[in-house]
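*Asks:* this one's sequence-less:
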């Protein structure tokens, strides 16, 4: 019996029979702003030097549409993410909701394709065309958590320096609260700016979203405040920020992450 020959298709436009390129999981123009990055591979639980890539994106998607998304994130890095928010400070964040969401989804979709998580890969694939071209995003909430610097303290209470949220991270959040089986929670973090993507696996009524959001706000790891898709600026007061601790990252389960060490 003859098998069925299938041709590789672009992960974004679904076109087959085209030349594929290396698509950086994190925008290359953003990676260039960091030094000494190590990439964590959850498949073998190892760190290695190098910029992780996927090889299932065609040239037109990579070089024309996705490069514009990368350029927006690089601009946000220069205007916001490059600077750490100090403990005790509030934060102001200006954003284009559609462009920001396209960037966060792009990193997440690229990341999950490098892992064996087929459920999330299929979920994020539904937004591939919107990542490319923009559009209305349904069944998604974006939350922003500001993670500030903190003091490094010994067991004896002596201050020995400052802990910095010097991290680029893309990860699945191991959320175990109520209704967790109905939603996917992912993190994309840029230094002090940690964005949580909450995506429902199917269309959910407003009251279910409300109950789930209430659970997030009371979970062990703070998940910040929701971004309003109709606005372009948000103020994060001091009481809505949290500070970096050695255990904060450990409370989240990672798909793929880059850490500056």
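*Replies:* Nice, I can see it. Values in this document were obtained by computation on a predicted structure and should not be read as measured data.

*Asks:* all contacts plus neighbour counts: C-alpha atoms, from now on.
*Replies:* Fine.

*Asks:* Quick one: the strands in the stretch 101-250 of the chain, in order.
*Replies:* Remark: strands assigned in the stretch 101-250 of the chain by DSSP state E, counting those that start in this stretch are 140-148, 150-153, 159-163, 167-172, 183-190, 193-200, 225-226, 233-236, 242-243.

*Asks:* Those: lowest mean pLDDT?
*Replies:* Mean pLDDT values for the strands of the stretch 101-250 of the chain show the minimum at strand 159-163, a mean of 71.

*Asks:* Quick one: the helices in the stretch 1-150 of the chain, in order.
*Replies:* Counting by DSSP state H, counting those that start in this stretch, the stretch 1-150 of the chain has helices at residues 28-31, 59-60, 67-76, 97-113, 118-125, 128-133.

*Asks:* circling back: would you reformat the strands of the stretch 101-250 of the chain as TSV and include distance to residue 62 and mean neighbour count?
*Replies:* Output for the strands of the stretch 101-250 of the chain, formatted as TSV (distance: least, Cα to Cα, whole Å; neighbours: other Cα atoms under 10 Å):
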stretch	distance to residue 62	mean neighbour count
strand 140-148	24	23
strand 150-153	38	16
strand 159-163	36	12
strand 167-172	20	24
strand 183-190	20	22
strand 193-200	23	23
strand 225-226	30	18
strand 233-236	29	15
strand 242-243	36	20
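
*Asks:* Indicate which one of the ones you listed is closest to residue 22.
*Replies:* strand 167-172 (18.7 Å; Cα to Cα).

*Asks:* What helices and strands are in contact with that closest one?
*Replies:* Where contact means 3 or more Cα pairs under 8 Å, 6 or more residues apart in numbering; DSSP states H and E, strand 167-172 is packed against helix 97-113, strand 183-190, strand 254-260.

*Asks:* closest to residue 51 out of those?
*Replies:* strand 254-260 (8.7 Å).

*Asks:* Out of the helices of the stretch 1-150 of the chain, flag the one nearest residue 178.
*Replies:* helix 118-125 (19.2 Å).

*Asks:* tell me which residues of that closest one are tucked away?
*Replies:* Buried residues in helix 118-125, defined by neighbour count with 16 or more other Cα atoms under 10 Å: 120, 121, 123, 124, 125.

*Asks:* returning to what we had before: so of the helices of the stretch 1-150 of the chain, which one's packed in deepest?
*Replies:* helix 97-113 (a mean of 22; mean count of other Cα atoms under 10 Å).

*Asks:* where does this protein dip in pLDDT?
*Replies:* By pLDDT under 70, the weakly predicted segments of the chain are 1-6, 35-50, 152-160, 249-261.

*Asks:* try 90
*Replies:* For the chain, the stretches with pLDDT under 90 are 1-8, 17-18, 24-53, 114-117, 136, 151-172, 174, 217-222, 244-261.

*Asks:* Mind telling me which residue is nearest the centre of it?
*Replies:* residue 188 (2.0 Å; Cα atoms, centre = their mean).

*Asks:* residues contacting residue 13?
*Replies:* 61, 128, 129 (Cα atoms under 8 Å, 6 or more residues apart in numbering).

*Asks:* Identify the residues contacting stretch 135-145?
*Replies:* 98, 101, 127, 130, 193-200, 202-204, 222-227, 240-242.

*Asks:* First-to-last residue distance for it?
*Replies:* This stretch, stretch 135-145, spans 25 Å end to end (Cα to Cα, to the nearest Å).

*Asks:* How about stretch 51-60?
*Replies:* Stretch 51-60: ends 21 Å apart by Cα to Cα.

*Asks:* Ok, stretch 179-188 next?
*Replies:* Where stretch 179-188 begins and where it ends lie 22 Å apart, using Cα to Cα.

*Asks:* before we move on, what about stretch 212-230?
*Replies:* End-to-end for stretch 212-230, by Cα to Cα: 21 Å.

*Asks:* Ok, stretch 161-169 next?
*Replies:* 23 Å.

*Asks:* do the same with stretch 219-230
*Replies:* First-to-last residue span, stretch 219-230, Cα to Cα: 27 Å.

*Asks:* Many thanks, have a good one.
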